[in-house]
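In: curious how this folds, go ahead:
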Amino acid sequence: IIMVKYYLPGLFEFFDLYTVFVDMFQQENYKFRQCEIGAIFGSPNRVIWNGGRVRISPPVDIDRVKKWAEDKNISCALTFTNHLIEEEHLHNIYCNDLARVFESENNAIIIHSPLLEDYIRQTYPKYKIVSSTTKCIRNIDILKQEFSRPYERVVLDYNFNKELQFLRDLPKEE
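Out: Next up is the predicted model:
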């Protein structure tokens, strides 16, 4: 039996939608056979550790999001994908508060910057660490090195999506 795990974007941006969707997903799980939610990922507004799109969305009560995720047994993956992080950014109060609130063995951080990765591993050791698609790794040898590192997951560059033979040849988890 193959289990499909969905990793859904917009933890904070679409939080109100997920409160409805996850209830439906869990209460009517017979409609979603062999599917589960691997994690819901994202970052709230104004998080300098986050790379990616700048969006304007209403503020979200971070403690409420955390409590909801715990109550529903949903894993959260914080996107901390800013590749321009410098030493001075590591001590950002808001980012550290966010990391502290969500730190748990059930949650992950999606990361790009080696500097931030080292900081997270040392300061918040309970997190699973995920290698971000934003690294855009297209070299097979570098990708193999990434697979050998202690990541929970390595998210491939989306350009691999249509390279079916490459995907078939990826090492399988034991």
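
In: roughly how far apart are Ile2 and Tyr94?
Out: The gap separating Ile2 from Tyr94 is 40 Å, by CB to CB, to the nearest Å. Backbone N, C-alpha and C define where each C-beta goes, glycine included.

In: higher neighbour count, the two?
Out: Tyr94 (13 against 4; other CB atoms under 10 Å).

In: from Leu115, how far out is the more buried one?
Out: Separation of Tyr94 from Leu115 (CB to CB) stands at 18 Å.

In: what do you get for Leu84?
Out: Applying CB to CB to Leu84 and Leu115 gives a distance of 10 Å.

In: quick one: find the helix or strand in this protein with the lowest mean pLDDT.
Out: In the chain, the helix or strand scored least confidently by mean pLDDT, DSSP states H and E is helix 164-169, which has a mean of 82.

In: buried ones in it, by neighbour count?
Out: Within helix 164-169, no residue is scored as buried using 16 or more other CB atoms under 10 Å.

In: output that helix as PDB, nothing but the C-alphas.
Out: C-alpha atoms of helix 164-169 as PDB (Å, rounded to 0.1, in the frame of the first residue of the first chain):
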ATOM      1  CA  LEU A 164      10.600  10.800 -14.800                       C
ATOM      2  CA  GLN A 165      13.600   8.600 -15.300                       C
ATOM      3  CA  PHE A 166      15.600  10.700 -12.800                       C
ATOM      4  CA  LEU A 167      12.700  10.400 -10.300                       C
ATOM      5  CA  ARG A 168      12.500   6.700 -10.800                       C
ATOM      6  CA  ASP A 169      16.300   6.400 -10.100                       C
END
